[in-house]
Every structure is written in C-alpha cells, then in structure tokens.
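[1] quick one: sequence plus predicted model below, questions after.
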Amino acid sequence: MPHTPNFPASPSLAQVPASTPRTVVHAVLAASLLALCPLAQAQSDSPEPAYGMSGRLGLGVATVPTYEGSPNRRTLAAPDLTLSYRSHDWGTVELGQRGLSWNAVEAGPFRLALVAQFDPGRKDSDPTALDPTPGDKRLRGMGKVKSGTEAGVGIGYGPVMLVARQSLSNRGPKGVQADLSVGLPWAVTDRLALHMAVSATWANRDYMQTYFGVTPAQAQATSLAVYTPKSGCRKVDLNVGAEYTLAPSWTLQANVGVSQLGDEAAASPLVSRRNGVTAMVGVARAF
C-alpha cells in the first residue's frame, strides 16, 4: 500500500473467457505492461524510505463527476494530509487520502498490509464545495447512502498491489470489494517526478446494489426502472500525476484520472456516462 512468491503466468487473450468484461481484460493487460516496463527495475533500485515520521500537507482544487456515472461535474477543495511512520521492527504505518494502512511485513519488494478505508457514501442532493461526499439532484428519491468504514488485507510485490476489503457497518455501504493496482513512479529530473497507476476494482452483489441498483421502492419515488446488478467489475482507473519541486519541501502537484465503469455498473439506469474524468492541481509541503 501499499521471499519471492510464485505468481502464475499471465493469461493470453486466447485464454480469457468471452464473458470476461473488456474493461477487466484491458486493465490486466495494462497492468502487465506496466509491471514489465524497464522503469520498474529503476523503482526497485531506488533508495528505501527513511525511518521515522514523515508527512505531507497540501491544498488543491479538483473537478470531478458529481457521482459515478453522472453527466454533471462539480469543483471542490481538495485538502491533502499524509502521515507515515516507518520502523525497523513494526513495518510502516501510513494515514492518507485512501485511509489507514499498516505494512506489517516488508521483505524486499514483498509487502503484507492491513488496511482501513473510509467510504463517504452518497447524497441525493448537491453537496457544497467543501463536502467531498458525492451527490446530485438527479438522485432525488434514491435516498442517502450513509458513510461507512471498510477493513481488509493487502498483498504487494514491487509495483503491484492486491487489496480485499469488507464493509464493517450495516448503516453504510455494504459488501466486499477487491482492488488490483500497479503504480509506477518515475523521476524525470531532479525537480520533476511523474507517477502512473492503473487499477481494476471488483465488487460483490451487495455493494453493486447499494450504488448502482434501483429497488422497487426507489423506482416508485423516481422515474427510474428497477435494476438489480450482479457482482462484477465496478470500474477500471488510469491515473497520471506529476510533482514539480518549487523549493525545498514545497511541490506543485497535478493529477488527471480516467475511469470506465464495468458492464454491470454501466447498465444501471443511474448511469448516464460510463467514462469519467477527474483532475486536480495543488501545492503541498513535505515534513
């Protein structure tokens, strides 16, 4: 989160079942290309992070879809706080935008982590620019999806990470999700660094129903048709980021992300656009 294991060989296109969503196939192929990229070797040869406490505090502006599948957009403030503590005996603990993670085992490129993530839920109204919760008036009648916490475990090797997480609360989003991601940093110059990441997220039936399903009661309260999605690929993401050093400890950051919903999610009557784009620019200070 993020002893060499024996990974199975990557399947060829001929071995991929016809029923597999194309978004998943594309994500697996992209992840394989990134993992095999010669720059990954440069990453493994880079110096290890320093021991002790470190962090980053920043502020930016982001433009995002109002919710997954929405045709509308919103602009909001994007605070960035990351804290990390690395020890010789207890691994690395990190608190950031994706939640809390503990790399309990760090053996060379291999990592075993425990994770806890926060799901902000969703509103059936337009939230303010200071509220990160997704929401839109188009969802009026669907009801509010309360926020919740997810916990799980992650296994990583080099730039590749697999995380499985389960919802802990019956009041918020329910279900199980799994993320497969590949992240690749690249120091272009002493001042400019780039980062590319591709990921695919699978979700079970309960989670898909929470965010993409329409119950009979919701259909009566809206003009939407009843929809009960199955488990499957929730989405595939591609993110490209850049950091430029303005001064010691100060960096200018920019990030662009493109996502594509999986077949079950895209078929929801809530979804008007299968593809979504996010963008963020900001400044941060490291300490």
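    Yes, it's here.
[2] flag every buried residue along the strand or helix carrying residue 56.
    Secondary structure from DSSP states H and E places residue 56 in strand 52-65. Residues of strand 52-65 classed as buried by neighbour count (16 or more other Cβ atoms under 10 Å): 55, 56, 58, 60, 62, 64, 65. The way it works is simple: take the backbone N, C-alpha and C, and place the C-beta from them, glycine included.
[3] what about the strands in this protein?
    52-65, 73-86, 92-96, 99-107, 110-119, 148-157, 160-167, 176-187, 192-203, 232-247, 250-261, 275-286 (DSSP state E).
[4] ok so, going back, what angle sits between the strand holding residue 56 and strand 73-86?
    Put simply, strand 52-65 runs at 170 degrees to strand 73-86, going by axes from the mean of the first three to the mean of the last three Cα atoms, to 10 degrees.
[5] any regions of this protein where pLDDT drops low?
    By pLDDT under 70, the low-scoring segments of the chain are 1-49, 171-172.
[6] could you rerun that using 90?
    For the chain, applying pLDDT under 90 flags the ranges 1-51, 78-80, 88-90, 97-98, 128-131, 168-174.
[7] ok so, going back, could you dump the strands of the chain into CSV with distance to residue 209 added?
    Output for the strands of the chain, formatted as CSV (distance: least, Cβ to Cβ, whole Å):
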stretch, distance to residue 209
strand 52-65, 20
strand 73-86, 25
strand 92-96, 29
strand 99-107, 23
strand 110-119, 15
strand 148-157, 14
strand 160-167, 12
strand 176-187, 12
strand 192-203, 10
strand 232-247, 12
strand 250-261, 15
strand 275-286, 20
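[8] for those, which one sits closest to residue 134?
    Of all the strands of the chain, it is strand 52-65 that lies closest to residue 134, at 7.9 Å by Cβ to Cβ.
[9] other residues contacting stretch 138-152?
    Applying Cβ atoms under 8 Å, 6 or more residues apart in numbering, the contact partners of stretch 138-152 are 66-67, 70, 72, 99, 114-125, 133, 163-169, 171-173, 177, 210-211, 214, 218, 221-222, 224, 270.
[10] on that earlier part again, can you list contacts of the strand holding residue 56?
    Contacts for strand 52-65 (Cβ under 8 Å, 6+ apart): 72-86, 134, 253, 273, 276-287.
[11] report the backbone C-alpha coordinates of it in PDB.
    This file holds the C-alpha atoms of strand 52-65, laid out as PDB (Å, rounded to 0.1, in the frame of the first residue of the first chain):
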ATOM      1  CA  GLY A  52      10.800   7.600  11.500                       C
ATOM      2  CA  MET A  53       8.000  10.100  10.900                       C
ATOM      3  CA  SER A  54       7.300  11.900   7.700                       C
ATOM      4  CA  GLY A  55       4.300  13.600   6.000                       C
ATOM      5  CA  ARG A  56       2.800  16.000   3.600                       C
ATOM      6  CA  LEU A  57       0.300  18.800   4.000                       C
ATOM      7  CA  GLY A  58      -1.300  20.400   0.900                       C
ATOM      8  CA  LEU A  59      -4.300  22.000  -0.600                       C
ATOM      9  CA  GLY A  60      -5.700  21.900  -4.100                       C
ATOM     10  CA  VAL A  61      -8.700  22.300  -6.300                       C
ATOM     11  CA  ALA A  62     -10.400  19.300  -8.100                       C
ATOM     12  CA  THR A  63     -13.000  18.800 -10.700                       C
ATOM     13  CA  VAL A  64     -14.900  15.500 -10.500                       C
ATOM     14  CA  PRO A  65     -18.200  13.900 -11.600                       C
END
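[12] paired strands for that strand, with orientation please.
    Strand pairing for strand 52-65, using DSSP bridges, gives strand 73-86 (antiparallel), strand 275-286 (antiparallel).
[13] residues contacting the last one, please?
    Read it as strand 275-286. So strand 275-286 is in contact with 54-65, 68-70, 78, 80, 246, 249-261, going by Cβ under 8 Å, 6+ apart.
[14] cutoff 6 Å now
    With contact meaning Cβ atoms under 6 Å, 6 or more residues apart in numbering, strand 275-286 is reached by 56-60, 62-65, 78, 80, 249-260.
[15] so which bits of it are buried?
    Neighbour-count burial for strand 275-286, counted by 16+ other Cβ under 10 Å, picks out 276, 278, 280, 282, 284.
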